[in-house]
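In: turn this into a structure:
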Amino acid sequence: MRKLIAFDDDTFDKLKQLGRDRMATFQELADEAFADLLRKHGIPVDLKDALRRSAALTKTSAQNSARPRSSRHTKS
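Out: Next up, the predicted model:
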């Protein structure tokens with residue numbers, strides 16, 4: 001899907017230079033930036049990431065339910 005994004009001239013020049021320095025296309029820079037943004041907010045980037053997170057949640061949930069609950073003592 002194509003979307004139009006506007007950058008100020010200085011930012012665009014810096015992104016072009018970064019792409020040259022890293023021998024990466026503008027699209028590769030954008031893909032990396034958006035993937036980092038999604039990770040920062042805890043959103044799975046791809047199916048593999050989503051499955052990994054789901055497995056980790058399932059494992060954590062299973063471990064928590066297997067632990068015996070300690071009784072709380074209240075002072076009278």
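
In: could you verify my assumption that Leu38 touches Arg53?
Out: No. Taking C-beta atoms under 8 Å as the definition, Leu38 is not a contact partner of Arg53, at 11.9 Å. The C-beta positions use only the backbone N, C-alpha and C, and glycine is treated the same way.

In: and for those two, which residues touch both?
Out: Pro44 (C-beta atoms under 8 Å, 6 or more residues apart in numbering).

In: helix or strand for Glu28, which one?
Out: Secondary structure assignment for Glu28, by DSSP states H and E: helix 26-40.

In: neighbouring contacts of that helix?
Out: Here helix 26-40 has contacts from Leu15, Lys16, Leu18, Gly19, Arg22, Pro44, Val45, using C-beta under 8 Å, 6+ apart.

In: what mean pLDDT does stretch 30-47 get?
Out: Taken as a whole, stretch 30-47 has an average pLDDT of 91.

In: distance-wise, check Gln63 relative to Ala56.
Out: 11 Å (C-beta to C-beta, to the nearest Å).

In: same deal with Leu47?
Out: In terms of C-beta to C-beta, Leu47 sits 15 Å off from Ala56.

In: re earlier: reformat the contacts of helix 26-40 as TSV; add distance to Arg2, secondary structure and neighbour count.
Out: Below are the contacts of helix 26-40 laid out as TSV (distance: C-beta to C-beta, whole Å; DSSP: H, G, I helix; E, B strand; the rest coil; neighbours: other C-beta atoms under 10 Å):
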residue	distance to Arg2	secondary structure	neighbour count
Leu15	18	helix	15
Lys16	19	helix	13
Leu18	22	helix	12
Gly19	19	helix	16
Arg22	23	helix	11
Pro44	23	coil	14
Val45	20	coil	14
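
In: farthest-apart pair in these, please.
Out: Distance extremes for these: the farthest pair is Lys16 and Pro44 at 30.2 Å, using C-beta to C-beta.

In: what does the model give Gln63 for pLDDT?
Out: 75.

In: do the same with the one 3 residues further on
Out: The score at Ala66 is 73. That number is its pLDDT.
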